[in-house]
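Undergrad: below are the sequence and a predicted model for it; my questions follow.
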There are 2 protein chains.
Amino acid sequence: MSNDLYRVCLIGSGNVATHIGRALHQSGCIISGVYSKNIQHAQALCSEIAGNVAVDNVSLLPEADFYIISVKDAVIGEVAKRLKSCKPDAFCIHTSGSIPLDVISKHFVQSAVVYPLQTISKNELMDFGNTPLFIEAANSDSLQRAVLLAKSLSTKIYFLDSAQRKRLHLAAVFANNFSNHCFAIAYDLLKHADIDPSCLQPIIQHTVDKLAYMSPTEAQTGPAVRWDTNVLDAHQNALDGNPDLQTLYKLMSKSIHAFHDKLRSE
Amino acid sequence: MSNDLYRVCLIGSGNVATHIGRALHQSGCIISGVYSKNIQHAQALCSEIAGNVAVDNVSLLPEADFYIISVKDAVIGEVAKRLKSCKPDAFCIHTSGSIPLDVISKHFVQSAVVYPLQTISKNELMDFGNTPLFIEAANSDSLQRAVLLAKSLSTKIYFLDSAQRKRLHLAAVFANNFSNHCFAIAYDLLKHADIDPSCLQPIIQHTVDKLAYMSPTEAQTGPAVRWDTNVLDAHQNALDGNPDLQTLYKLMSKSIHAFHDKLRSE
């Protein structure tokens, strides 16, 4: 089974399935089939990535080397069960950060998780080659095959078990969703003060650049680390029309200070 | 008064004074004098940036076109008062985001604020040319002169009054300190699960890259936007050894959801 002969069926047509499908197609894999419960979505994805068959019933999927399930977390188990009933010997992969391997490995001898850690929007070009992939497999043979597939997608391959992957997913919520929300709040504060929010971009970029050579705890600056009560009080007063943001400001400041207290005592 | 003839006295020798001093020196200004209450700090900065005189008493500063006060917020007023008593006609500038112009303009006819928006560590090379500078001046003549000075430091010049600058400083705490703290929490979660934190860098970089073409509110993804209670509950359970992080997780998730509810209703 050489790289350019991989035949892959995609189960799902959302953001993750779309980007994995594009990346597999570009790397020379054959997209044997695409399933979506909405046949039009399956057809659209098929036509974009030269998929052979679009279906709205898992049992109509053709033979393939890999069946990649990229559907909502809540229905992965149910889809796997349906796939099992028609393709009992399939190599089954799911792509979720939160769902354990055993949701599929209890149905399939050959199974693995390939979790891409990235925020994915459908209409965004994505550099999959730079996206970290986190792999877990049901056995060493599955692992070997999953790694071969993963290597055709990205150069950044990591190995995590289900518990670690859950922890990674939680950490990613802090690193991505919560940090992005801090940007959203900052932008909103500026918009209401008639200040161009894009003026924040250099400081945000610099904050991220620092991660390459300094831990974020070491890089922390601002009134909360110093516990500069003049500034902290002034900021909280400035937020007095918005009790939710005030609470958030207090909690974040306390959390920063506690982190640094801990650091100093270590 | 052409650019290369500016004579500048620096009042302060901390991070901001150091980086402004370096940038002014590089742009061809003459550093006439450096004040620090610790004479050794003044001497060290002087020798680095070819400053003429190091002093620990403001009254010993030589004549200059600009006197730039970069000391702790709490003592700016006091230092300005001392400067006034010996140099009543000085052009006085402070560089703080939180302190209003009138703290110095009540002492000096010619005065301005030049606030650089960046996290500055002393031992870090800094690209001042890319740092946004926010200017406010006591009158149009002061403004003109402050802009000339600022242009020798950076290409990104903005004009804000004291109230706007305070708001910007608050927004920067969210955009920089709080987002960085989210990174610190994420790194810490991974460290304790024996996962290399640097695997988060691509997702963090992508989050920041998106700001160039999408507002952070539009770019928001994750379980809180979708209000995916399965994942939200699982994450909170995973944090059950850490009630502070649990509270922060809940509050951030609620805040993200509220933002998007508001967006949908607009």
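TA: Cool, got the structure. Because the structure is a prediction, the values reported are computed rather than measured. Numbering: from 1, shown residues only, chains lettered A, B, ... in the order given.

Undergrad: contacts only, for A:Asn52.
TA: A:Ile30, A:Ile31, A:Ser32, A:Gly33, A:Cys46, A:Pro62 (C-beta atoms under 8 Å, 6 or more residues apart in numbering or on different chains). No exception for glycine: its C-beta is placed from N, CA and C like everyone else's.

Undergrad: contacting chain B as well, which ones from those residues?
TA: Among the contacts of A:Asn52, none lies close to chain B by the criterion of C-beta under 8 Å from any C-beta of the partner chain.

Undergrad: which of these are buried, as a PyMOL select command?
TA: In PyMOL, this line selects whichever of the contacts of A:Asn52 come out buried by 16 or more other C-beta atoms under 10 Å in any protein chain shown:
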select buried, chain A and resi 30+31+32+33+46
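
Undergrad: among the contacts of A:Asn52, which ones are in helices?
TA: Among the contacts of A:Asn52, the members found in helices (DSSP state H) are A:Cys46.

Undergrad: quick one, strands of chain A?
TA: Using DSSP state E, the strands of chain A run over A:7-11, A:30-35, A:53-55, A:66-69, A:92-94, A:111-116, A:133-137, A:157-159.

Undergrad: what's the third one in contact with?
TA: The set of residues external to strand A:53-55 that reach it, using C-beta under 8 Å, 6+ apart, is A:32-36, A:39, A:42-43, A:45-46, A:60-62.

Undergrad: same question, the second one
TA: Contacts with strand A:30-35, where a contact means C-beta under 8 Å, 6+ apart, come from A:5-13, A:17, A:21, A:24-25, A:42, A:45-46, A:49-58, A:60-64.

Undergrad: tell me, how many residues neighbour A:Phe134?
TA: 24 (other C-beta atoms under 10 Å in any protein chain shown).

Undergrad: just checking, it touches A:Leu168?
TA: Yes - using C-beta atoms under 8 Å, A:Phe134 is in contact with A:Leu168, at 6.5 Å.

Undergrad: overlap of the contact sets of those two?
TA: A:Gly97, A:Tyr115, A:Leu117, A:Leu160, B:Cys199.

Undergrad: going by distance to B:Tyr213, which of the residues you listed wins?
TA: Taking C-beta to C-beta as the measure, A:Leu117 is the one of the shared contacts of A:Phe134 and A:Leu168 closest to B:Tyr213, at 21.4 Å.

Undergrad: OK, contacts around the closest one?
TA: Contacts of A:Leu117 by C-beta under 8 Å, 6+ apart are A:Gly97, A:Thr131, A:Pro132, A:Leu133, A:Phe134, A:Leu168, A:Ala172, B:Cys199, B:Leu200, B:Pro202, B:Ile203.

Undergrad: tell me the bridge partners for the fifth one.
TA: Put plainly, it is A:Phe134. A:Tyr115, A:Tyr158 (DSSP bridges).

Undergrad: so A:Ser111 sits against A:Phe91, correct?
TA: Yes - contact criterion C-beta under 8 Å: A:Ser111 and A:Phe91 qualify, at 7.0 Å.

Undergrad: can you pull the residues that touch both of the two?
TA: A:Ser142.

Undergrad: the more surrounded of the two?
TA: A:Ser111 (26 against 23).

Undergrad: who does that one bridge with?
TA: Residues in a beta bridge with A:Ser111, per DSSP bridges, are A:Cys92.

Undergrad: in the stretch 51-200 of chain A, where is pLDDT below threshold?
TA: Low-confidence segments of the stretch 51-200 of chain A, defined by pLDDT under 70: A:121-123.

Undergrad: got the angle between the helix ranked longest in chain A and helix B:243-265?
TA: As assigned by DSSP H, the longest helix anywhere in chain A is helix A:243-265. Using axes from the mean of the first three to the mean of the last three C-alpha atoms, to 10 degrees, the inter-axis angle of helix A:243-265 relative to helix B:243-265 is 150 degrees.

Undergrad: does helix A:243-265 reach chain B?
TA: Yes - Helix A:243-265 comes into contact with chain B (C-beta under 8 Å from any C-beta), by way of A:Asp244, A:Leu245, A:Thr247, A:Leu248, A:Tyr249, A:Leu251, A:Met252, A:Lys254, A:Ser255, A:Ile256, A:Ala258, A:Phe259.

Undergrad: now the first one: closest residue in space, sequence neighbours ignored.
TA: Beyond its immediate neighbours in the sequence, the residue positioned closest to A:Asp244 (C-beta to C-beta, 6 or more residues apart in numbering or on different chains) is B:Ser255, lying 6.2 Å away.

Undergrad: contacting residues around the one you found?
TA: Contacts of B:Ser255 (C-beta under 8 Å, 6+ apart): A:His181, A:Ile185, A:Asp244, A:Leu245, A:Leu248.
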